[in-house]
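K.L.:
3D model of this:
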Amino acid sequence: MTDELAALNATLGIDVQTLAARGLTPFAEATTLVLAERNASGREFELTPSAAAAWLAMRDAAAADGVTLQLVSAFRSIARQHEIVAAKLARGQSLDAILQVSAAPGFSEHHTGRAVDIGTPDSPALEEAFEQTPAFAWLQANAARFGFVLSFPRGNACGYLYEPWHWCYRQETA
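P.N.:
From the prediction side, this is the model:
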């Protein structure tokens, strides 16, 4: 871990040794990204080339089975992660509460360009209710075929709250 990353986290009151004690390790930012999807409002989502190809194949396979998968989030820079945590602190949220739902800058799978937050119509984004949808059932049955795994199941060792919407591409090639 770089001194720069430790210093960046220190500006938020985050001790990276505490993160290490939770078993968390830093993730490098992806260096090669491609446009994986653009949503109806024009927001662009970037992933690594192999993760993008796997996402598109998985999304299309789900659609063929009558299930709609939508990207809610994909690549996120370390700087953007810092902004997210800083904004939550500015709103008065406690650091402990924030770090149960948001990774510290440099510690998010989203930095890798392989992590996706998935939503579906008629279900609130980034909420546990996603696990009650046909989309989640489809992902549980099929995501591994495309190289995606659920990163934060209930009781995960990372100390994050359950995130049924957060999946990460674990294969190097599509």
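K.L.:
quick one: stretch 67-83 to chain centroid distance?
P.N.:
6 Å (Cα atoms, centre = their mean, to the nearest Å).
K.L.:
Check the separation of the first and last residues in it.
P.N.:
Chord length of stretch 67-83, first to last residue, is 33 Å (Cα to Cα, to the nearest Å).
K.L.:
I'd like the average pLDDT over that stretch.
P.N.:
Averaged across stretch 67-83, pLDDT comes to 97.
K.L.:
In that stretch, which residues are buried?
P.N.:
67, 69-76, 78, 81-82 (16 or more other Cβ atoms under 10 Å). To be clear about C-beta, it is placed using only N, CA and C from the backbone, and glycine gets the same treatment.
K.L.:
Stretch 119-129 now?
P.N.:
Here stretch 119-129 shows 119-120, 123, 126 as buried, counting by 16+ other Cβ under 10 Å.
K.L.:
Please tabulate those residues in JSON lines, including the columns secondary structure and distance to Thr25.
P.N.:
Formatted as JSON lines, those follow (DSSP: H, G, I helix; E, B strand; the rest coil; distance: Cβ to Cβ, whole Å):
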{"residue": "Gly119", "secondary structure": "strand", "distance to Thr25": "27"}
{"residue": "Thr120", "secondary structure": "coil", "distance to Thr25": "31"}
{"residue": "Ser123", "secondary structure": "coil", "distance to Thr25": "31"}
{"residue": "Leu126", "secondary structure": "coil", "distance to Thr25": "23"}
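K.L.:
Closest one of these to Leu99?
P.N.:
Leu126 (16.2 Å; Cβ to Cβ).
K.L.:
quick one: contacts for the closest one?
P.N.:
72-73, 117, 119, 163, 165 (Cβ atoms under 8 Å, 6 or more residues apart in numbering).
K.L.:
His82 should be in a helix, yeah?
P.N.:
Yes. Membership of His82 in a helix is supported by DSSP: H, G, I helix; E, B strand; the rest coil.
K.L.:
Need phi/psi at the residue nearest to it when sequence neighbours are not counted.
P.N.:
Excluding its sequence neighbours, the residue lying closest to His82 (Cβ to Cβ, 6 or more residues apart in numbering) is Pro105, at 4.2 Å. Phi and psi for Pro105, reported as degrees, to the nearest 10, are phi -60, psi 130.
K.L.:
Pro105: how many residues sit nearby?
P.N.:
When neighbours are counted by other Cβ atoms under 10 Å, Pro105 registers 26.
K.L.:
who's in contact with it?
P.N.:
By Cβ under 8 Å, 6+ apart, the contact set of Pro105 is 5, 8-9, 12, 14, 78-79, 81-82, 85.
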